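>>> sequence and predicted model, in that order:
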Amino acid sequence: MRFRRERHAHGVDFNIAPMIDIVFLLIIFFMTVQEFSRLELEDVTLTEADQAQVEIEPPPHRIVVNIRADGTLAVANQPMDLFTVTRLLARERDLLREIGRETDLNVIVRADGGVAYERVQDLMAEAAALNIWRVTFAAAPEEEDPAP
């Protein structure tokens with residue numbers, strides 16, 4: 001009696017399911033990051049400046065404070081008063097202090113062009129009282145006049 005030998009293929013199989021899972025996770029991650037970035041910026045009319053530069057890489061530890069045309073403050077699209085913003089800045093500074101990086105906190109002020117300077121000055125004074133010295137101001141680059 002003769003037995004048959006069955007041939008087994010010893011090829012390499014490529015399982016694509018884990019790669020699809022990773023791609024979907026990356027898509028979700030980038031969509032979430034984009035949403036958080038969008039929340040920082042409100043629709044304010046920035047003052048034009050001839051020395052305005054496009055920010056290539058935003059600072060890692062930053063808080064964006066928007067000052068709307070009516071003078072109200074907003075952080076992450078949430079309206080706040082000056083006291084609440086000050087507490088938020090103090091909390092972030094303290095968290096960074098715990099890891100020895102309190103000087104890395106950046107405050108980016110996006111003030112509407114029509115807002116009274118007093119609102120900006122109050123925010124700067126509160127940041128200085130908290131020993132936060134990295135305060136930058138967002139400005140729109142001046143539009144060039146088209147040649148006649």
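Good, I have the coordinates.

>>> show me the helices in this protein, by range?
With DSSP state H as the criterion, the chain has helices at 17-40, 82-98, 117-129.

>>> quick one: distance of the first one to the chain centre.
Spelled out, it's helix 17-40. 16 Å (CA atoms, centre = their mean, to the nearest Å).

>>> output that helix as CSV, restricted to C-alpha atoms.
Taking C-alpha atoms only, helix 17-40 is exported to CSV below (Å, rounded to 0.1, in the frame of the first residue of the first chain):
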residue,chain,number,x,y,z
ALA,A,17,-5.5,43.7,9.1
PRO,A,18,-3.0,45.2,11.6
MET,A,19,-1.7,47.6,9.0
ILE,A,20,-5.3,48.8,8.4
ASP,A,21,-5.8,49.2,12.1
ILE,A,22,-2.7,51.4,12.4
VAL,A,23,-3.8,53.5,9.4
PHE,A,24,-7.2,54.1,10.9
LEU,A,25,-5.6,55.1,14.3
LEU,A,26,-3.3,57.6,12.5
ILE,A,27,-6.3,59.1,10.7
ILE,A,28,-8.2,59.5,13.9
PHE,A,29,-5.1,61.0,15.6
PHE,A,30,-4.5,63.6,12.9
MET,A,31,-8.2,64.6,12.8
THR,A,32,-8.2,65.1,16.5
VAL,A,33,-5.1,67.2,16.5
GLN,A,34,-6.6,69.3,13.7
GLU,A,35,-9.7,69.9,15.7
PHE,A,36,-7.7,71.0,18.8
SER,A,37,-5.7,73.4,16.6
ARG,A,38,-8.8,74.9,15.2
LEU,A,39,-10.3,75.4,18.6
GLU,A,40,-7.4,77.7,19.6
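
>>> averaged pLDDT, that helix. What do you get?
Across helix 17-40, pLDDT averages out at 81.

>>> again, but for the last one
Along helix 117-129, the predicted confidence averages to a pLDDT of 92.

>>> which strands and helices sit next to it?
With contacts taken as 3 or more CB pairs under 8 Å, 6 or more residues apart in numbering; DSSP states H and E, helix 117-129 sits against strand 62-67, helix 82-98, strand 106-111, strand 134-137. Where C-beta positions appear, they are placed from N, C-alpha and C, glycine not excepted.

>>> name the residues that touch the third one?
Strand 106-111 is contacted from outside by 41-42, 44, 46-47, 59, 61-67, 89, 119-120, 123-124, 127, 132, 134-138, using CB atoms under 8 Å, 6 or more residues apart in numbering.
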